[in-house]
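Novice: the following comprises the amino acid sequence and a computationally predicted model.
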Protein chains: 2
Amino acid sequence: MTVVTDTIRNGVDTEKMFATLDLIKQQPELAQFQFRATNRWLGGSHNQSTIRGFYAAGGEDTSRGVEFKIDAGEPAILLGDDAGPNPAEYLLHALAACLTTSIVYVGAARKVELTSVESIVTGAMDVRGALGVDEEPRNGFERIVVSFRVAGKATPERLREVVERAKQRSAVYDMVTNGVPVAVQVTID
Amino acid sequence: MTVVTDTIRNGVDTEKMFATLDLIKQQPELAQFQFRATNRWLGGSHNQSTIRGFYAAGGEDTSRGVEFKIDAGEPAILLGDDAGPNPAEYLLHALAACLTTSIVYVGAARKVELTSVESIVTGAMDVRGALGVDEEPRNGFERIVVSFRVAGKATPERLREVVERAKQRSAVYDMVTNGVPVAVQVTID
């Protein structure tokens, strides 16, 4: 007789997930992570980040076989040549991606099988702030709206609860809504 | 006789830059921009944003010939398979990219020729928050440190002033340090 255990849900290995949660409960010091990006200016509005290494669970993580290179740019109206999405668009992507992953993981933990998660994120900005034309508008988005369409094998009420819990746990949603202290250090070569 | 005008500085067309600033001063309604990302879950921790259209200067911008597709994932220790940088890493990238572009543009406006702008951005996180193991740590980074190395044809003092002004004008630095109101809407299919 073969026993098939249903550990993969929403593409997430829930057995590994619960084992990780148990381990971190027992050894909270393993929960200290540090993520990094190194960025280099490539001319005009084009710059590129390299992302690979990070610190996790008591040591430098070496599991990542790939190094990610991501390009930022600006469109023509903001004096660029579309070398990549612009930095504010990357922030919208970070927010959508984090909420989506949180929805998927919360669903996996709660035995809610999802079939589709899509979102549109919009940010409204008065660019007079960032351009230094006027002191009144802020530099960044005045507001951000995230519109999710979610489908899954659960009642609408249960799916809404998953999204609500994901909001309460998303790292980027926390940072974008509440802010983070940022220190900027400068070395002149 | 040929007159060579020195309008390109740091790869930025300063003539176009000042013309844009003048136009927005005269017609502030042109400063209303809206950026967007659409995101789709692709299984597990993998999701992808599509970025192309945006609203700018009184209408939908159609200048972008390219559509950007950017993948988010998680490393193995966070139950993923490295389909892309994770969402929190994208936020670090957005911050580094925006500060860098601001440095380059401010330098161009102030006649400061830059030769190199590099940065390392780190974010420290106690993942017990995002994992829901403990209510005490916040979900996102507790702090972010951005370390710039800047070189250019100007005094160190002048280069530091450029970085300081860029901080005061960066859209993403504003959003990450001060937060943005975010509305999350949900439609269940």
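Specialist: On my side now, so go ahead.

Novice: so A:C98 sits right up against A:D174, yeah?
Specialist: No. In this structure A:C98 lies outside contact range of A:D174 using CB atoms under 8 Å: 9.0 Å. (Glycine included, C-beta is placed from N, CA and C.)

Novice: which one of those two has more residues nearby?
Specialist: Between A:C98 and A:D174, counted using other CB atoms under 10 Å in any protein chain shown, A:C98 has the larger neighbour count: 29 against 21.

Novice: next up, identify which helix or strand the more buried one is on.
Specialist: Assessed by DSSP states H and E, A:C98 sits inside helix A:87-109.

Novice: start to end distance for stretch A:166-177?
Specialist: Stretch A:166-177 has an end-to-end distance of 14 Å (criterion: CA to CA, to the nearest Å).

Novice: do it and chain B meet?
Specialist: Yes. Under the criterion of CB under 8 Å from any CB of the partner chain, chain B is reached by stretch A:166-177 at A:K167, A:R169, A:S170, A:A171, A:V172, A:Y173, A:D174, A:M175, A:V176, A:T177.

Novice: could you point out the helix or strand that follows the helix holding A:C98?
Specialist: Criterion used, DSSP H and E; the element after helix A:87-109 is strand A:114-126.

Novice: can you give me the buried ones in that next one?
Specialist: Residues of strand A:114-126 classed as buried: A:L114, A:V117, A:E118, A:S119, A:I120, A:V121, A:T122, A:G123, A:M125, A:D126 (neighbour count, 16 or more other CB atoms under 10 Å in any protein chain shown).

Novice: who's in contact with A:S45?
Specialist: For A:S45, the contacting residues are A:72-74, A:78-81, A:83, A:86, B:11-12, B:101, B:104-105, by CB atoms under 8 Å, 6 or more residues apart in numbering or on different chains.

Novice: what of A:M17?
Specialist: A:Y105, A:A108, A:A109, B:L79.

Novice: how about a cut-off of 7 Å?
Specialist: Contact analysis of A:M17 by CB atoms under 7 Å, 6 or more residues apart in numbering or on different chains lists A:A108, A:A109, B:L79.

Novice: for the first one, give its distance to B:A88.
Specialist: According to CB to CB, to the nearest Å, A:A108 and B:A88 sit 19 Å apart.

Novice: between these two, point out the one with more neighbours.
Specialist: Taking neighbours as other CB under 10 Å, A:A108 and B:A88 compare with B:A88 leading, 30 against 24.

Novice: anything in stretch A:21-33 near chain B?
Specialist: Yes. Counting by CB under 7 Å from any CB of the partner chain, chain B is contacted by stretch A:21-33 at A:L21, A:I24, A:K25, A:P28, A:A31, A:Q32, A:F33.

Novice: out of these, which end up buried?
Specialist: Of these, these count as buried by 16+ other CB under 10 Å: A:I24, A:A31, A:Q32, A:F33.

Novice: you'd agree the third one is up against B:V127?
Specialist: No. A:Q32 is not in contact with B:V127 according to CB atoms under 7 Å; the separation is 8.0 Å.

Novice: now, which of the residues of stretch A:21-33 next to chain B lie within helices?
Specialist: Taking DSSP state H as the definition of helices, the residues of stretch A:21-33 next to chain B contribute A:L21, A:I24, A:K25.

Novice: contacts for stretch A:93-110?
Specialist: Outside stretch A:93-110, the residues that touch it by CB under 7 Å, 6+ apart are A:9-10, A:12, A:14, A:17, A:114, A:117, A:119, A:121, A:144, A:146, A:150, A:152, A:162-163, A:165-167, A:169-173, A:176, B:37, B:39, B:41, B:44-45, B:47, B:49, B:51, B:70, B:72, B:74, B:87, B:90-91, B:94.
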